[in-house]
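*Asks:* pasting the sequence and the predicted coordinates here, then a few questions.
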Amino acid sequence: MSAVSETIVREFFELREFLVRQHRKYIGQTRRVNDDDIDFFVLNPHPQPHEGALPFVLGSTDLPFVERAIVVVKGWHTETFSSAVLTHAPEIFRFVQPKVFQQAARAFGTEGTLLKILVVPALPQAPAARDESIALLRSKGIDAVIPFRTMLADLVSETEINRNYQKSDLLQIIRILKNYDFFKDPQMELFKSRRTGRGKRGA
């Protein structure tokens, strides 16, 4: 699952014209080397200026304003990153420890802002629980998160049926699924569900 999750993240950043470098191609025999927890270095060759701070939960439209970042992928797709989950999984935050972060920073040099981005399956839906998770992530040194739903929605939206994505298995699969109508317009699905509901009430 980790390889699939990392492929999604790589394709997402490359779609937004980032240069992406994977930190390591191998898995060590032990987990004692902390910098193994960093998955990607991403660099925006043409960052746009932004007034004020970026939102903590980044969307696709925020990516042009990100200059460079270290990215850690947590593809726990059956989990919601509640404060309880985060509290009992301290390994999530190893990459923000000073020693690990300084090692990563040397890959970029000293100029510019280096964000620490965590890719998460989902944050809680309830506002209070969501705010609690965000506060905990901030307190640990995380600068921003990107949900997998954001990345997948962006990839599905931007993949074109009339293009042959031979260089990317992921995009080619999305293209094929779109060609056979396995992906529907979210707005059309919304209207369809409402019409169905009205029909039932009138029956």
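*Replies:* Looks like it came in fine. Residues are numbered from 1 along each chain as shown.
*Asks:* pLDDT at residue 93, what is it?
*Replies:* Per-residue confidence (pLDDT) for residue 93: 83.
*Asks:* again with the one 3 residues further on
*Replies:* Reading off the per-residue confidence, residue 96 sits at a pLDDT of 80.
*Asks:* residues in contact with it?
*Replies:* With contacts defined as C-beta atoms under 8 Å, 6 or more residues apart in numbering, residue 96 is in contact with 116, 140-142. Where you see a C-beta, it was placed from the backbone N, CA and C, and this is true even at glycine.
*Asks:* widest-spaced pair of these?
*Replies:* 116 and 140 (9.5 Å; C-beta to C-beta).
*Asks:* so for these two, which residue has more residues nearby?
*Replies:* residue 116 (21 against 15; other C-beta atoms under 10 Å).
*Asks:* OK, contacts around the nearest residue to residue 7 once chain neighbours are set aside?
*Replies:* Using C-beta to C-beta, 6 or more residues apart in numbering and skipping the chain neighbours, the partner closest in space to residue 7 is residue 170 (5.4 Å). Going by C-beta under 8 Å, 6+ apart, residue 170 touches 7-8, 11, 155.
*Asks:* can you give me phi and psi for residue 170?
*Replies:* As for residue 170, its main-chain torsions (degrees, to the nearest 10) stand at phi -60, psi -50.
*Asks:* any idea how far residue 106 is from it?
*Replies:* Taken as C-beta to C-beta, to the nearest Å, the spacing of residue 170 relative to residue 106 amounts to 31 Å.
*Asks:* try residue 129
*Replies:* Per C-beta to C-beta, residue 129 is found 37 Å from residue 106.
*Asks:* which residue packs closest to residue 87, ignoring adjacent ones?
*Replies:* Nearest to residue 87 is residue 136, by C-beta to C-beta, 6+ apart, at 7.2 Å.
*Asks:* where's that neighbour relative to residue 17, distance?
*Replies:* For residue 136 relative to residue 17 (C-beta to C-beta), the value is 32 Å.
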